[in-house]
Each structure stands twice: as C-alpha cells, then as structure tokens.
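Engineer: quick one, structure for this:
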Amino acid sequence: MIHLINTATPIKQTQAMSKQQTSGNYIDSLEKISVNIQADVKSGSKVIAQTIANLIRQKQQQGQNCVLGLATGSSPKTLYAELVRMHKEEGLSFSNVISFNLDEYYPISKEAPQSYNRFMHNHLFDHVDIKPENINIPNGEIKKEDIKVACADYEKKIEAAGGIDLQILGIGNNGHIGFNEPGSGIYTRTRLVNLTNSTRLANAYEFANISEVPRMAITMGISTIMKSRQIILMAWGPAKAIAVKKAVEDEDSEIVPASFLQNHDNVSFVLDEAAASGLTRIKSPWLTGDCEWTPKNIKKAVVNMALQLGKTVLSLTNEDYNDNGLSDLLVEKGDAYEINLEVYYMLRDSITGWPGGKPNAVIPAHPERSEPYPKKCIIFSPHPDDDIISMGGTFQRLHDQGHEVHVAYQTSGNIAVTDEFVTRFLDFAVGFNEIADINSDKPGQILSEARAYISGKKPGQVDSPTIRALKGLIRRGEAKATCNYVGIDPNNVHFQNLPFYETGTIEKKPLGEEDVELTIQLLREVQPQQIFCAGDFADPHGTHLVCFNAVLKALQRIKADGDAWINDCWLWLYKGAWQEWDIEDIEMAIPMSPAQVLKKRFGIFIHQSQKDSVPFQGSDDREFWQRAEERNAATAKIYADLGLTHYAAMEAFVRWQY
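Structural biologist: Have a look, this model is predicted:
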C-alpha cells in the first residue's frame, strides 16, 4: 500500500563511500555522489530553489554577481516556477544574476515554441528582474561555419564572468548531461553535437512527430560543466532511475556522461522517490546494511531474486537466499519454505476477478471490500481514451458485475487530433446537411475557413478556437462511443474539460483552483465508494500527474471538510500507456481471458483519431492498443514465472492512501 510521505524534512543526504565487496556483503552504501531524496518533484524543486536563492542573496550582500548555469527540458519547470514565486512573493531579486544556459537545439529559431531560448523566457526570464544583457543562451540560428568561433566565445564569456558559481543539470535517460551524449569525453568543451536517436525520441513529445526533432544541438562540454564551483543535478520520475543509478553507483565512464560528476568536489543529486528507485539502498536495501524486514521488503527481495534466478517462488532454497545476499532474512524469518509461502500468498491474494469486491463473501485477504455491493465507482481518465487503454478489462468487469460506474474525462485531449480528422468530420457534416436537406451554409463555411487556416498553418502554431473545439468534439464522440460499447449509462459520463489543459499547446498551465473545484463538485455529486485514477506519472506531457493531483487535492479537501461518505472511499491507481507497476508493488491484479483482451482491443479501436499516426506520441512508436496488450501480457507472464496461474493478460492497480 502506497502512503504519502511527509516532505517537511529531507531524507538525510548520503555521502558516497567507495564501492567495496567483501565475502558477498556490500559495505553500507554504493553511492559515490551525495544524494538527497525528496518525496516528489515539488519538494525537490523547493530544496534546489532555496539553495539558488541563498547563493544569490549571499552574493548580493558581498556586492558580487551570481553566475548560474541553467538547464532546460521538463525537469526544471517546477524549479523555475518556485524561483518566480520567490521573486514575486519573497522579493528575491535576480538583478545581480548572470546566466549561461547549457544547450540549444540546432538549427532552430529563437522564437520556435520548442527552442530553449523561448523556454527560458517563458518559464523564468520574463517573470523576474534579470538584466537582458546578463542572459546567455547558445544561438541556434547562427551559420554552421561560424559555430566553432561562437562556441569559443561562449567559453570566454563564462571565464570573463568569473566562472559558474552553481550549475543546474538534468539527466537524460541515456545518462547525458547537457547534450553530452554517451561517448562524450571529460575534456569536451562547448561545441556542436549530433543527438542520439534515443535523445530525439525522448524529446519527441515537444514536437508533432520525430521527424521535426532537430538532429543536432549546441552544448556546453563536460569540462565546461566540471569547472563550475557547485553542481546540482535534478532527476524526477521512474524513467530516470536507471541512468541515476549508473551515474551514482557505477564506475565513471564515457558511456554514462553523468558519471563523470563523481570527480567533482561539490556535487549533489536531488531526486524524487521514483528517480531514486533504482539505487541499491532503495531497490535492494538488504545489500547495503541493516534492513527492516517488512512484508513489502520481504516480497520485493524474494520476487526479485526469483525472477533473477528464473525460479518460481516456491522452488527457492536456503542456498538461494544465502547466495543472493538474503541470509539475514533467513536468520530473522526461518526456513526458506516458510518465507516462500508467505510471499506466494501475497502474490496469490492480489489476483481477483472481482475488482469491486466479491458479494456475499468473506475473504479477509481480498484486495477490495465485499461491502457495500454494488458500489458507486468513478474512473478518472486524464485523456478521453485512458480509461479503455489502461483498465479496459476492469472497466468492463465493473459494469458487468453490477456496479454503478461513472467515467470522468478530465481533459478534452484536443491537442492529440490531427488536422486531417477535422476536415474529414467537417466533410461529413456538410454531406449530412445535404442528405437531411438542412438549409444551412454554416458547416460549409466552417469547413472552408478550417481548410484555409490549416493550409497556412506553421509548425508549432496554436490552433484557432474553432478548430480546437472541433478536435475536442471528435474525442468526446469517441469517448461516448466507448462508454456505450461498455454499457455505461450516458448520464454517468462526465466531461470535465479542466481549464489547466486548454492552452492549445503541449505546454499546460499549472493546476488551478477551478480544476480542483470542478473535481470536488463531481465527487460530491456521485459520492463514490471506489475511485480509479491515473498513476502513470511517466506520461511525458505531464497531464496525468496534474490530473492525479486534481483528484488528490479534491479528496483531501473533502476529507478535511468532514464529509461522511469519504471515509468509505478507496482510491486505486492504474498505469497507462507509458509503463506498468513493478510486480512487488501490485496490490490488485485483474486477470483477462483471450476474449476479454480482444474486447478491450476493439474498445480502444473506437478511438479512431488516436490510431496509426498520433501527434505528440512520445518515444514509443507502437499504437496504444499494442502498448496496452503487451504490457498486460507481460504482467501476466511475470505472475506465471513466479509460479502463479498463467492468464492471457492482467491489469494492475495500487491503492493510494490520501
């Protein structure tokens, strides 16, 4: 069961020790870089922002400039929002700040929506009092033959400013810092580089499709970065966990450029729990010292050992435990046979065909309560297809088993509809008018205007309000058709259209009061006993996390207000198209037959605007139905590999305590 973590006090930073191994026992910590783990992105960003603010103010008191190296991408957005807040609410001045940005795409216009020049002004510079002449960003518009001279000048500017006092970094999924891709040497300086395909794919969410992602970039070199007096690297989310682990624990290597930071005298990593999940002290704490053998740690240790050895849980031996660093568990719990049974029962009891609870049954270890039955259920779907993609089999079972199922589509999803679909549906509307002999020129007029607008549309240009409304209408129609396919009462289908989403661009507004109030209103109207919500925070566009926070804040406020029904309301999280829960975290697994898998697939197919070619699809070129089926089949196979029944597919859930 996942619990919220108190973020008031950071977890104690762990100063790295050298990697040693004696007789199979690891010594304390394998981390070679100071690591600060925070509960979430917001608390981690506040820690970094406070460090930056303290340095700026210290320099102001000394009458000196503060030279900052700044990063771009998705990681520092919350950090910059906090710095802007501190400027507006706490009087933090940037008048003495000189900034040098790490990198920029090449070639790219300074005004392009995806340019880092535009990013920095949108997120920070336009909202604080930094002097324009103190802003330095690599120029993505310069002629290629002039780049070497421009890069040398950039290095000279940094030196002339006195060097970088504090460098802020992110980390790529492949371990790059700046755009120093794997293979970059420790002595590299500011230069033009080729971007790897994995980096271009990871950044594809910013562009309409992968072909529009620049193939090159200008970046500070690793040597340039290492000259900074202090370095803070931030990493958020599970997608960064592997790169973080390699950078912090493995030997320094050009294969993982971030690992070179081990050689700096004043560097720290600030991580959220998801990004830290690959560290040995988190993933396998029994290998780094004393371990509290909670049921969750026992399950994690035994499951991971079984999968690594290719054995079922019940076939593990005392020798397996001793050979894999789990001798302490044997000392504390006894024979392998007893431990194996304990873990096997945990896995077995998470599997159920009754996601709303089995009626007229007393099953103490069942994931859900038998009563009340039937339940009122709300499925919160960030986009108009997340419900069927992420939990389509469970969605159908809840309805078939007699529960009152509501679906709340939190956003319009209009940005993910191609222009071709708009003209296709307008053509249909014009044709329908002719067939129905409706005397109106309006559809034809809208069609002409839409074609004219689309034909002159520039890359990254925001759609007109009419086209955005039409794209939202298309997705709303598909969502209604999906609910009809499942059998949901039309009165139980709710389109929230949360305001934070409606910008017309990939970049969304922060969660606002109106978003939370709309969610509170719906929850109080339905008063559910069971809620399903997206816990897929690896969604590269960030929409899932904002939608989750809208639900969480709404539930917390309702609970604080003392509404009686909230005490009998459980919150379950599903993962979406981007990832799946780790097997040891799954608390409810819903098995699916081959026929149910096909039925789910056909439900996904209803979302025709999302098939074949979808804008802003991210780094995975599979269609959503393929991602869902392969993920669900993989979950079922892991259960089977551990010795449980082999189903065709499984959908997985974790309960969240709010």
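
Engineer: any low-confidence regions in the stretch 451-600 of the chain?
Structural biologist: Counting by pLDDT under 70, the stretch 451-600 of the chain has low-confidence residues at 459-460, 506, 538-541, 578.

Engineer: would you map the helices across it?
Structural biologist: Ranges of helices in the stretch 451-600 of the chain, per DSSP state H, counting those that start in this stretch, are 465-486, 513-526, 543-561, 594-605.

Engineer: quick check: end-to-end length of stretch 319-329?
Structural biologist: End-to-end distance for stretch 319-329, by CA to CA, to the nearest Å: 12 Å.

Engineer: now it: buried residues?
Structural biologist: 320, 321, 324, 325, 326, 328, 329 (16 or more other CB atoms under 10 Å). Quick note: C-beta positions are derived from backbone N, CA and C, even for glycine.

Engineer: the fourth one reaches residue 289, doesn't it?
Structural biologist: The one in question is residue 325. No. The pair residue 325 and residue 289 fails to qualify as a contact (CB atoms under 8 Å) at a distance of 11.3 Å.

Engineer: spatially nearest residue to residue 346, not counting backbone neighbours?
Structural biologist: Residue nearest to residue 346 in three dimensions, not counting chain neighbours: residue 299, with 5.3 Å by CB to CB, 6 or more residues apart in numbering.

Engineer: which SS state does that neighbour fall under?
Structural biologist: Each residue gets one of three states, and residue 299 gets helix by DSSP: H, G, I helix; E, B strand; the rest coil.

Engineer: next, count neighbours for it.
Structural biologist: When neighbours are counted by other CB atoms under 10 Å, residue 299 registers 20.

Engineer: just checking, it touches residue 344?
Structural biologist: No. In this structure, residue 299 is not within contact of residue 344 by CB under 8 Å, at 10.1 Å.

Engineer: do you know how far residue 148 is from residue 170?
Structural biologist: 26 Å (CB to CB, to the nearest Å).

Engineer: err, residue 642, not the other one
Structural biologist: When residue 642 is compared with residue 170 (using CB to CB), they lie 36 Å apart.

Engineer: what's the answer for residue 339, then?
Structural biologist: With distances defined as CB to CB, the gap from residue 339 to residue 170 amounts to 41 Å.

Engineer: sorry, back to before: can you tell me which of the buried residues of stretch 319-329 end up in helices?
Structural biologist: 320, 321, 328, 329 (DSSP state H).

Engineer: once you drop chain neighbours, what's closest to the third one?
Structural biologist: Closest residue to residue 328 in three dimensions, ignoring its sequence neighbours and counting by CB to CB, 6+ apart: residue 286, at 6.3 Å.

Engineer: and that neighbour, which of the three is it?
Structural biologist: Criterion first, three-state DSSP; result for residue 286: helix.

Engineer: can I assume it is in contact with residue 300?
Structural biologist: No. The pair formed by residue 286 and residue 300 falls short of the contact definition of CB under 8 Å, at 9.3 Å.

Engineer: returning to what we had before: closest one of the buried residues of stretch 319-329 to residue 185?
Structural biologist: Nearest to residue 185 among the buried residues of stretch 319-329: residue 325, at 35.4 Å, using CB to CB.

Engineer: tell me how far stretch 349-358 is from the chain's mean position?
Structural biologist: Shown here is stretch 349-358, whose average C-alpha point lies 28 Å from the average C-alpha point of the whole chain (CA atoms, centre = their mean, to the nearest Å).

Engineer: residue boundaries of the helices in the stretch 101-250 of the chain?
Structural biologist: According to DSSP H, counting those that start in this stretch, the helices that the stretch 101-250 of the chain contains are 116-123, 147-160, 197-202, 222-226, 241-249.

Engineer: returning to what we had before: now the helices of the stretch 451-600 of the chain as JSON lines including mean neighbour count?
Structural biologist: Output for the helices of the stretch 451-600 of the chain, formatted as JSON lines (neighbours: other CB atoms under 10 Å):
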{"stretch": "helix 465-486", "mean neighbour count": "19"}
{"stretch": "helix 513-526", "mean neighbour count": "17"}
{"stretch": "helix 543-561", "mean neighbour count": "20"}
{"stretch": "helix 594-605", "mean neighbour count": "17"}
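
Engineer: turn those into JSON lines, including distance to residue 214.
Structural biologist: Compiled in JSON lines, the helices of the stretch 451-600 of the chain are given as follows (distance: least, CB to CB, whole Å):
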{"stretch": "helix 465-486", "distance to residue 214": "27"}
{"stretch": "helix 513-526", "distance to residue 214": "34"}
{"stretch": "helix 543-561", "distance to residue 214": "24"}
{"stretch": "helix 594-605", "distance to residue 214": "32"}
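
Engineer: to residue 235, which of those lies closest?
Structural biologist: Between residue 235 and these, the shortest separation by CB to CB is 15.3 Å, and it involves helix 543-561.

Engineer: still on that earlier bit, nearest to residue 214, of the ones in helices among the buried residues of stretch 319-329?
Structural biologist: Using CB to CB, residue 320 comes nearest to residue 214 of these, at 49.7 Å.

Engineer: burial count for the residue nearest to residue 328?
Structural biologist: Other residues lying near residue 286 total 22 when counted by other CB under 10 Å.
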